[in-house]
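Student: sequence-free structure coming up:
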């Protein structure tokens, strides 16, 4: 539980006066982090902090989010407004920050009648997703105080070895089904290494950009905010495009995995890529590389839960579900090698 009295005293020290904290309620969503909505005086706030059982890096993740949201203030990137933050866990037990509430909804939780009833609205929703990462790609990290975020040296060269090593490390979990249960690992890595771009344009990356991490305006098809900035870093912003194509509905996979209904009207995968390339001047060759890297990286991350489940350290049903997702992601990467999106 969050000590509201201590929070109020901290807010007073920050100049955020307003009397007692009222109407405190936890917000739901797809994140493990805790979101607490409350009012104080005439103002509403949302507090974000790590989960009840924080990971060793949780406080650093919160501090990174504070840094990024502060840097985005006043920009055209749709994001929650940053109010104030505390990096010292001594105040509430973990680092935390306050942000403005977002008036919007997440499309994976269901579409309001306005959005569900018009395929043209849904098309614009998809276009707005692309436009958000285009806008983010134009942020100069150095100009907004993010010159120390992440490590640019060797960024491209690190990608494949980093995520191949992640997969190899799962052998430490007893009972893991191993690399032989995953399609095309060696082929994917070999193609990525052979076709790695010679250079990249440094920029700001969200790092986990997909439909579950955006809020849509309740009365339009525009984004109200991109949320969950915990993986934000510097690198090639095209990774966000790759991530979007890795998580977007692919008709070659049969039933869509994207939990948005109805789906008709949303832009196709080639249309997403074309829109991004037209707006940024990037090349189809670059887009192809990131469309292979992103599903490989995402699958390597998800397979970790399966490995832990095999060792009895995570629920088996969830591990099996994510293992199946990893297989589909690697199959998607292999298809992108054979058939580029554009």
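Tutor: Right, received. Where do you want to start? What you see is a predicted model, and the numbers here were worked out from it, not measured in a lab.
Student: mind listing the strands for the protein?
Tutor: Using DSSP state E, the strands found in the chain span residues 21-26, 34-40, 43-49, 82-86, 96-99, 203-205, 214-216, 223-226, 233-235.
Student: got the buried residues for the second one?
Tutor: Applying a neighbour-count criterion of 16 or more other Cβ atoms under 10 Å, one finds 34-36, 38-40 buried in strand 34-40. For glycine as for every other residue, the C-beta is placed from the backbone atoms N, C-alpha and C.
Student: what does the fourth one give?
Tutor: Using 16+ other Cβ under 10 Å as the burial criterion, the residues of strand 82-86 that qualify are 82-86.
Student: Quickly name whichever of those is closest to residue 283.
Tutor: Ranked by distance to residue 283 (Cβ to Cβ), the buried residues of strand 82-86 are led by residue 82 at 34.4 Å.
Student: For the closest one, which non-adjacent residue is spatially closest?
Tutor: residue 69 (3.9 Å; Cβ to Cβ, 6 or more residues apart in numbering).
Student: Tell me which stretches of this structure form helices.
Tutor: Ranges of helices in the chain, per DSSP state H, are 4-13, 58-72, 113-116, 119-137, 155-169, 185-194, 238-247, 269-280, 284-310, 316-338.
Student: Does anything pack onto the last one? Which helices or strands?
Tutor: When you say that, I think you mean helix 316-338. Under the contact definition 3 or more Cβ pairs under 8 Å, 6 or more residues apart in numbering; DSSP states H and E, helix 316-338 sits against helix 185-194, helix 284-310.
Student: Also the first one?
Tutor: The elements that helix 4-13 packs onto, with contact taken as 3+ Cβ pairs under 8 Å, 6+ apart, are strand 21-26, strand 34-40.
Student: Could you export these to JSON lines, including columns for mean pLDDT and distance to residue 55?
Tutor: Listed next are the helices and strands packed on helix 4-13 as JSON lines, based on pLDDT from 0 to 100; distance: least, Cβ to Cβ, whole Å:
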{"stretch": "strand 21-26", "mean pLDDT": "93", "distance to residue 55": "20"}
{"stretch": "strand 34-40", "mean pLDDT": "95", "distance to residue 55": "13"}
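Student: As JSON lines, the ones you listed with distance to residue 239 would be great.
Tutor: Shown next, in JSON lines, are the helices and strands packed on helix 4-13 (distance: least, Cβ to Cβ, whole Å):
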{"stretch": "strand 21-26", "distance to residue 239": "32"}
{"stretch": "strand 34-40", "distance to residue 239": "26"}
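Student: how about the strands of the chain in CSV, adding distance to residue 62?
Tutor: Shown next, in CSV, are the strands of the chain (distance: least, Cβ to Cβ, whole Å):
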stretch, distance to residue 62
strand 21-26, 17
strand 34-40, 11
strand 43-49, 7
strand 82-86, 7
strand 96-99, 6
strand 203-205, 18
strand 214-216, 20
strand 223-226, 17
strand 233-235, 15
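Student: So for residue 105, which of the ones you listed sits nearest?
Tutor: So among those, strand 214-216 is nearest, using Cβ to Cβ, at 5.8 Å.
Student: Need the contact partners of the closest one.
Tutor: 102, 104-107, 115, 125, 128-129, 132, 222-227 (Cβ atoms under 8 Å, 6 or more residues apart in numbering).
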